[in-house]
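Participant: Sequence and predicted model, in that order:
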Amino acid sequence: MPLLDVVFEALDRCQISLAQFITMLLTHQEYEDHRFVVDLLEHSNQVFNAFLQHPASRAQFTQKSFSVVENTYLQELCCLASEDNGSHFRASSTSTEQLENFSLTAMAQKMEVNAPKWWRLLGTLLDDKGTADLTGRKDGGGDKSVDDAREIEGDDDEYWDEVDEIDLEGIINGLTGELGTRPAMTDKRAKRRAAIKLMRKTIITSILMNGWNQKSNALQSLLGLFLQSAHTPYKVINTLAHLGISVSADTINMAVQSLSKESHNSLQRLGRSLLASYAYDNFDIDLKTHTPTVEKSNDSLKHLTSGLLFPLVHGVMLNDLKCSEELWRKSVLNLQADEPYSLPKLAWWDLLKLHPEWMDPNSKLSRHDQFNAWAFLVDLCTNGPEYFHQFKSMIQDPHPIEQIPTVKTPIYAARAMDINNSTVSGNIQAVTELLAQGGLADPTAMLEENTDFNSPDISEYVILVHGDLGTGERLQAAQLRRSIECTSWNRLQHVIFIPGLFHLKMACADAIWRCFISPMAAREDETSLMHDVAQLRPKETGIYTTKPGFRRIHELVGHAGACRRLDCWRVHAAKNGRFSSLEDFALSKPTLDDLRAMANEICHTYIANHQLDHMRRKHESERDLQFENALLLNKYFLLYEELSYAMNSGDIGRVETCIVSWIPILKAIGKHKYASHMTNFLFNVHFVYPPGLRRAVRYHILINPTGRPMKWRAVDWCVELNNLFTKVKNGGKNSNRSVERIILESPLVQVYRNLQGLVQQSFGHTHLTTNHAAPNMRKTFAKLQERLTLNSPHVVLAGRKSQYLIDDLSEKGQGMMEKAAEQGDLLVENESEIMEEGDGLGDIIGELL
């Protein structure tokens with residue numbers, strides 16, 4: 001009798017089928033601990049395999065198994081797509097906080113925790129453990145699809161080889177939760193493959209979550225805004241939206257509207273605190289897609305105005321700004337004052353006392369001389385022979401005169417305004433509109449109209465407004481014209497204008513060009529600056545003689561100045577030690593103390609000082625006119641370098657001393673408005689403004705957007721950078737580029753930049769830096785130094801003539817100002833002379849790039 005017949009008879013007598021018997025064993029609690037149940041569960045895999053191998057039940061059992069697995073995965077995806085999981089992103093209420101808090105690492109970790117089975121399946125499909133494990137063949141006999149996959153994966157190797165290994169470790173550790181530990185994979189290629197697979201698992205899961213629940217769109221929304229910030233065409237965005245990778249263009253527009261509204265609210269919160277500073281400037285947009293008509297033939301060129309706000313830091317309090325009435329009593333525009341305030345009689349030389357000179361007791365050098373000696377030493381240890389490079393890290397930076405505390409200052413972009421501020425009325429509109437964006441309005445008008453506009457009363461307070469020289473002149477003209485108004489708001493009494501130092505730096509660069517390159521005769525000498533240009537920029541000599549722009553002059557000062565200072569080292573070393581070259585001098589192995597002592601001597605010998613006047617009184621046969629010109633060139637170059645260094649380092653004391661030195665130079669070269677306005681600005685700051693306002697103005701004429709040393713920037717530079725992004729990178733493309741779109745996206749400049757950085761970092765992009773490495777100028781400098789050796793401007797040759805004698809602009813400008821003071825002339829030109837400087841935006845964009 002077969003073994004199982006007894007079992008079958010027993011089941012028949014009990015009138016129960018085998019299926020019912022097994023079901024009862026597994027579903028009734030009284031049999032939960034029965035040995036047959038335990039045995040059945042322990043051998044369930046064998047039973048499962050038997051069903052799969054039986055021809056009659058294979059199809060049905062496989063289908064049922066798939067249904068179970070399918071439901072398991074769907075439940076996990078449903079859990080991931082739920083609102084409680086935090087994957088919902090409402091476009092109509094998008095905020096910068098949502099974007100800043102997004103983390104691909106956190107998203108991947110959450111997916112792995114809440115959907116472990118699905119995550120494991122994706123790992124299997126994407127070959128997390130290697131193709132050999134998947135195919136079960138390690139001898140290369142795998143199927144063709146696997147080989148193709150390997151080939152495709154290999155195509156990414158060249159790209160991922162560019163990703164830094166440290167970045168890859170961060171991506172992998174973050175996504176796998178192994179923070180602070182060394183990853184198991186030590187091979188770089190294995191790391192990059194793991195990183196890209198984890199990214200793909202996250203993206204695939206996000207697409208399925210969005211398909212299950214359309215509101216689960218966190219990753220799609222982020223990528224949609226990223227595509228918008230990168231000017232991706234709408235047809236591409238909509239295609240990716242249909243694929244589940246991005247949200248639609250309409251949803252993106254809703255998010256942009258929400259972000260723009262949030263930016264408006266942030267500006268009002270900052271502005272209503274009254275502890276905010278404002279800056280604005282004009283920019284032009286040429287809408288080439290515009291179709292001209294008879295009525296508006298030139299309407300394609302639009303004149304708009306951009307603005308920035310940033311908080312007042314460094315301990316500035318409201319009481320420091322509560323001085324509007326005090327300043328109005330002192331103003332020369334106040335003709336109705338009971339006792340007219342008489343301004344102290346001041347002249348330019350009074351500004352020399354702002355920061356009393358401190359002489360180094362050891363070197364007997366003034367502040368300017370100390371900086372010049374430092375610059376000579378840095379040039380030698382940077383661009384000189386290799387021996388001197390060891391001292392570069394030992395050179396201490398110049399001691400600051402008055403350092404602004406290093407604090408990161410956030411910058412808020414205002415909504416661009418459809419206002420042309422090239423006129424006085426346009427500037428009035430721009431200031432009024434910009435203050436309105438900051439939540440400020442006319443207090444009298446609000447009382448009369450009984451509006452709900454919650455604006456603080458600023459009648460007793462002042463507002464700091466930054467701009468270029470043209471902006472300052474028009475604001476002064478507006479205050480002059482409105483001085484007869486009855487209310488402080490209508491008089492623009494609250495506006496305290498602060499000139500932009502970036503435009504002042506451009507004026508200084510232009511003064512150097514006017515002095516050494518613009519005159520045709522100044523280009524003739526073998527030792528002239530124009531011959532340096534021929535060595536450094538041989539294909540741009542024509543540009544330098546006409547309109548080189550700021551960037552070219554800025555680079556010329558740096559490159560030609562460094563080569564000429566190295567030539568000073570060569571000449572001085574040959575004079576003292578009879579060394580024929582700097583290489584021979586390096587072989588003598590001088591110490592850093594020796595170099596410091598020589599630098600102190602050099603800055604007395606090869607830079608124009610009081611001895612220049614004595615030289616020019618000698619007989620012509622004893623003079624070297626080209627040597628005299630070289631001394632003046634070194635002086636102006638180093639004065640420009642010192643101004644740049646002071647601005648970058650946030651040394652407001654050094655900035656002011658440099659401005660005082662540049663004022664007579666600007667006056668002598670013909671830039672009278674800059675000389676007059678900077679003089680008046682310093683007079684007002686130090687002799688008119690109360691101490692609290694004085695500190696607020698001086699400590700906010702430069703800001704530090706990053707909070708790092710040597711990263712200080714002029715406020716007008718930040719405005720120009722904002723203009724660059726608004727004009728070039730934001731505001732739509734082609735037919736979508738309109739004034740309305742530009743205005744809508746203008747407050748989102750920083751949001752877009754942060755978003756692009758987040759996506760690029762999350763998805764392992766390469767070549768992210770916009771700060772190119774400095775070019776290798778060693779051979780170029782060597783070529784120029786060879787020419788300077790042949791025709792050295794720093795070796796005195798008695799009787800050497802010059803086609804053009806450079807004026808001592810400092811002395812000439814001081815004489816002009818002394819004469820003007822004796823005649824009682826005003827420091828500021830008449831209103832009829834007000835006109836905007838001709839500095840092109842192209843020069844500024846070139847510097848920004």
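Facilitator: Arrived safely, thanks for sending.
Participant: what stretches of this structure score poorly on pLDDT?
Facilitator: 1-2, 128-188, 288-299, 338-344, 359-361, 363, 448-453, 731-736, 769-771, 824-849 (pLDDT under 70).
Participant: Can you give the distance of the longest helix anywhere in it from its chain's centre?
Facilitator: The longest helix of the chain (DSSP state H) is helix 549-577. Put simply, helix 549-577 sits 30 Å off its chain's centre (C-alpha atoms, centre = their mean, to the nearest Å).
Participant: residues of the following helix or strand past that helix that come out buried?
Facilitator: Moving toward the C-terminus from helix 549-577, the next helix or strand (DSSP states H and E) is helix 582-587. Of all the residues in helix 582-587, those buried under the rule 16 or more other C-beta atoms under 10 Å are Leu582, Phe585, Ala586. Heads up, the C-betas are built off the backbone N, CA and C, glycines and all.
Participant: Relative to Ala562, how far out is the second one?
Facilitator: Distance, Phe585 to Ala562, using C-beta to C-beta, to the nearest Å: 17 Å.
Participant: how about the helices of the stretch 651-800 of the chain, start to end?
Facilitator: Remark: helices assigned in the stretch 651-800 of the chain by DSSP state H, counting those that start in this stretch are 652-669, 672-683, 691-698, 715-724, 739-745, 749-762, 778-790.
Participant: Okay, buried residues for the last one please.
Facilitator: Within helix 778-790, the residues that count as buried by 16+ other C-beta under 10 Å are Phe781, Leu784, Gln785, Arg787, Leu788.
Participant: Check the offset of it from the chain's centre.
Facilitator: 35 Å.
Participant: helices or strands next to it in the packing?
Facilitator: helix 529-536, helix 549-577 (3 or more C-beta pairs under 8 Å, 6 or more residues apart in numbering; DSSP states H and E).
Participant: Go ahead and name everything in contact with the helix or strand that the first one is followed by.
Facilitator: Helices and strands here follow DSSP H and E; after helix 529-536, the next one along the chain is helix 541-546. Under the criterion C-beta atoms under 8 Å, 6 or more residues apart in numbering, residues Trp513, Ile517, Ser518, Arg523, Met530, Val533, Ala534, Arg537, Arg552, Leu556 lie in contact with helix 541-546.
Participant: check contacts around the last one.
Facilitator: Right, the one you point to is Leu556. Leu556 sits in contact with Leu529, Asp532, Val533, Leu536, Arg537, Tyr544, Pro548, where contact means C-beta under 8 Å, 6+ apart.
Participant: just the fifth one next, same as before
Facilitator: For Met530, the contacting residues are Phe516, Ile517, Ala522, Arg523, Thr541, Tyr544, Thr545, taking C-beta under 8 Å, 6+ apart as the criterion.
Participant: Could you rerun that using 7 Å?
Facilitator: By C-beta atoms under 7 Å, 6 or more residues apart in numbering, the contact set of Met530 is Ile517, Arg523.
Participant: how close does it sit to Arg523?
Facilitator: Distance from Met530 to Arg523, counting by C-beta to C-beta: 4 Å.
Participant: can you list residues touching both of the two?
Facilitator: By C-beta under 7 Å, 6+ apart, the residues touching both Met530 and Arg523 are Ile517.
Participant: still on that earlier bit, out of the contacts of helix 541-546, which one sits closest to Val247?
Facilitator: When the contacts of helix 541-546 are ranked by distance to Val247 (C-beta to C-beta), Arg552 comes first, at 45.1 Å.
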